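[1] Below are the sequence and a predicted model for it; my questions follow.
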Amino acid sequence: QVQLVESGGGFVQPGGSLRLSCAASGGIVSLNSMGWFRQAPGMQRELVAAESSGGTTNYADAVQGRFSISRDNAKNTVYLQMNSLKAEDTAVYYCYAEGDHCSDNGCYRGYTYWGQGTQVTVSS
């Protein structure tokens with residue numbers, strides 16, 4: 001069973017920085033897109049950043065120039081460096097990965113896997 005384990009959330013003052021990590025494990029055959037969504041209270045979940053297996057990146061307009069996504073394909077890990085944080089960045093951040101995996105029941109293609117979420121709070 002594929003699991004995504006996140007770390008790195010917390011509390012930071014406006015203008016500060018945080019780095020999120022997300023490691024995928026468990027029967028992985030290959031991962032295509034990996035990235036991050038976030039969800040603030042009362043809001044829909046929104047894409048923050050994503051990176052393809054080939055290195056193409058995509059960012060939400062609200063974080064462009066402040067956040068940077070990277071991944072280590074050998075470790076099945078994706079990172080999100082968040083700089084110049086603002087109060088409006090406060091949310092639960094969820095990592096995701098799209099790919100193929102095998103389990104005792106067989107092999108499966110085109111699944112989306114999710115992390116458990118990590119809280120990021122930006123406040124003075």
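    Okay, I see it.
[2] can you list contacts of the helix or strand harbouring Arg19?
    Taking DSSP states H and E as the definition, Arg19 sits inside strand 18-25. For strand 18-25, contacts defined as CB atoms under 8 Å, 6 or more residues apart in numbering pick out 2-10, 12, 31, 34, 36, 75-82, 85, 93, 95, 97, 113, 115, 118, 120. Every C-beta, even on glycine, is put in place using the N, C-alpha and C of the backbone.
[3] Could you list every helix and strand in contact with the lowest-mean-pLDDT helix or strand in the chain?
    Sorting the helices and strands of the chain by mean pLDDT, DSSP states H and E puts strand 106-114 at the bottom, at a mean of 91. Applying 3 or more CB pairs under 8 Å, 6 or more residues apart in numbering; DSSP states H and E, one finds that strand 106-114 contacts strand 3-7, strand 91-103.
[4] mind checking which of the ones you listed is nearest Ser17?
    If you check each of those against Ser17 by CB to CB, strand 91-103 wins as the nearest, at 14.0 Å.
[5] How far off centre is that closest one?
    Offset of strand 91-103 from its chain centre (CA atoms, centre = their mean, to the nearest Å): 8 Å.
[6] All good on my end, thank you.
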